[in-house]
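Asks: predicted model and sequence below, questions to follow.
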Amino acid sequence: MSSAHASARPFRFAAVTFDCADPAELARFYGEVFGLPVVYSTDDFVLLGQDGAAGLGFNRLADYRRPTWPDPAQEKQAHIEVGVDDLDSAEAELLALGAVKPEGQPQPDRWRVLLDPVGHPFCITTLV
């Protein structure tokens, strides 16, 4: 598809939204990870972003159930891939911000699976 045709599309990727019990707290975590400011906030929804770029949203869900990855009892639902320059230093910084590293790591030399503070798995990788 040519870039001229692509720019004529009426749709654009705007955001990925995660369900959670506390939108403000999860937004704080991801805001620190990506250096993104809050662009919209209510008691039940927080959107992080920057002009011209896709954002991350966090939606309060009253009966939110934490994913249990890798146990399939409560599937991961979705996850994001985070590109990093150095796996070890990125992992250490994310753990200091509140991420958790589960024991099972499918390919720790290529990517690491971490859990955000409410249990959503996300990967850090040097492949992106």
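Replies: Okay, I see it. These figures come from a predicted structure and were not determined experimentally.

Asks: show the pLDDT at the residue most central in space within the chain.
Replies: Nearest residue to the geometric centre of the chain (CA atoms, centre = their mean): residue 80, 5.0 Å. At residue 80, the model reports a pLDDT of 83.

Asks: ok, which stretches of the chain are helices?
Replies: In the chain, the helices defined using DSSP state H lie at 3-7, 23-34, 87-97.

Asks: residue 105 - how many residues pack around it?
Replies: Around residue 105 there are 14 other residues, counting by other CB atoms under 10 Å. Where C-beta positions appear, they are placed from N, C-alpha and C, glycine not excepted.

Asks: does it touch residue 112 like I think?
Replies: Yes. The pair residue 105 and residue 112 passes the contact test of CB atoms under 8 Å, sitting 6.2 Å apart.

Asks: now residue 80, nearest residue through space, not along the chain?
Replies: Nearest residue to residue 80 in three dimensions, chain neighbours excluded: residue 122, at 5.0 Å (CB to CB, 6 or more residues apart in numbering).

Asks: in the sheet, who's paired with that neighbour?
Replies: residue 114 (DSSP bridges).

Asks: contacts only, for it.
Replies: For residue 122, the residues meeting the contact criterion (CB atoms under 8 Å, 6 or more residues apart in numbering) are 79, 80, 81, 82, 99, 113, 114, 115, 116.

Asks: many thanks, I have nothing further to ask.
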